[in-house]
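*Asks:* could you look at this predicted model? Sequence included:
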Amino acid sequence: MSAAAVLSVSACMPGGGSSSSSTSAAPPPATSSAAEAQPEITKPEQRELTPAQVRKALPPATEIGDGWVDNRVVPSTISYDPTSCGDLFLQGEQAKAFAKEHRVAEAKHDYVTDGTDADYLAVFVYSFDEPVPVSLLTVAGDAMGRCSTYDLVYSDGQTQSQQTRGLQVPAVGDRSMGLATVSGSGSTLNRVTVLSGHSYVVVNYVGDRSDPGPLLRDVARTTLKRMSS
């Protein structure tokens, strides 16, 4: 699977602040705390956002960094086998039920680097009429053990094996979770999900950086800053 194809899969995975990491063979994702207490809503970026504000929160390529340009990746339609592994990407039953009842706005944007060996990036912003439950990231973290391997199932019936591991991402937002998934072809999707009050942000990266954590953090911070304006 090419890097572009991996990112097209990531486009249909809606994704969470401090983080930690583990280096064991099957580490948990980087999450700030196992506590379920909801953070207080005191910052502008934690408020409920309108569709226009969500679209405005998506950074232009010039704010991602040198060499990045705007791009568009057509999302793939996928499911998970076992289905419970959708929890990793806030696509499990609890997250879907919350989104169906409370989501008011969503938007995404794609980016690519110039050159033949392109890196890919995608940013998603979702906002809700209630604060996002921190338990969604707890459920995602709990899924790491049982979903260290799983399959993506495409709409045409083809499958792609995946391996999952935790990813160290510096602190950002109310709570965050780093995650890396490696496809059977060896391509790696690096991801951070960031909770911020009524919203959450997902940043996905596919490329050759040995430590994508700082890039994911910086893009998430830029997005949160734009959410506060």
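*Replies:* Okay, I see it. Given the structure is predicted, the values throughout are model-derived calculations rather than measurements.
*Asks:* residue ranges of the strands in the protein, please?
*Replies:* Applying DSSP state E to the chain gives strands spanning 68-71, 78-81, 103-113, 120-128, 149-154, 159-166, 175-183, 188-196, 199-206.
*Asks:* ok, and what's touching the longest one?
*Replies:* The set of residues that contact strand 103-113 without belonging to it, under CB atoms under 8 Å, 6 or more residues apart in numbering, is 7, 11, 14, 48-51, 53-55, 57-59, 61, 64, 67-73, 118-129, 207. Glycine gets a C-beta too; all of them are placed from N, C-alpha and C.
*Asks:* tell me how many other residues surround residue 99.
*Replies:* Neighbour count for residue 99, taken as other CB atoms under 10 Å: 17.
*Asks:* doesn't residue 127 make contact with it?
*Replies:* No - using CB atoms under 8 Å, residue 99 makes no contact with residue 127, being 10.7 Å away.
*Asks:* biggest helix in this structure, by residue count?
*Replies:* In the chain, taking DSSP state H as the definition, the longest helix is helix 213-227.
*Asks:* quick one: buried residues of that helix?
*Replies:* Of the residues in helix 213-227, 213, 215-224, 226-227 count as buried by neighbour count, 16 or more other CB atoms under 10 Å.
*Asks:* quick check, nearest of those to residue 79?
*Replies:* Using CB to CB, the shortest approach to residue 79 within the buried residues of helix 213-227 belongs to residue 216, at 25.4 Å.
*Asks:* which residues touch that closest one?
*Replies:* 169, 178, 190, 191, 192, 203, 205.
*Asks:* got those residues as JSON lines, with distance to residue 81, pLDDT and neighbour count columns?
*Replies:* JSON lines is the format used below for the contacts of residue 216 (distance: CB to CB, whole Å; pLDDT from 0 to 100; neighbours: other CB atoms under 10 Å):
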{"residue": "169", "distance to residue 81": "27", "pLDDT": "88", "neighbour count": "32"}
{"residue": "178", "distance to residue 81": "24", "pLDDT": "95", "neighbour count": "27"}
{"residue": "190", "distance to residue 81": "22", "pLDDT": "97", "neighbour count": "24"}
{"residue": "191", "distance to residue 81": "19", "pLDDT": "96", "neighbour count": "26"}
{"residue": "192", "distance to residue 81": "25", "pLDDT": "96", "neighbour count": "31"}
{"residue": "203", "distance to residue 81": "26", "pLDDT": "97", "neighbour count": "28"}
{"residue": "205", "distance to residue 81": "25", "pLDDT": "96", "neighbour count": "25"}
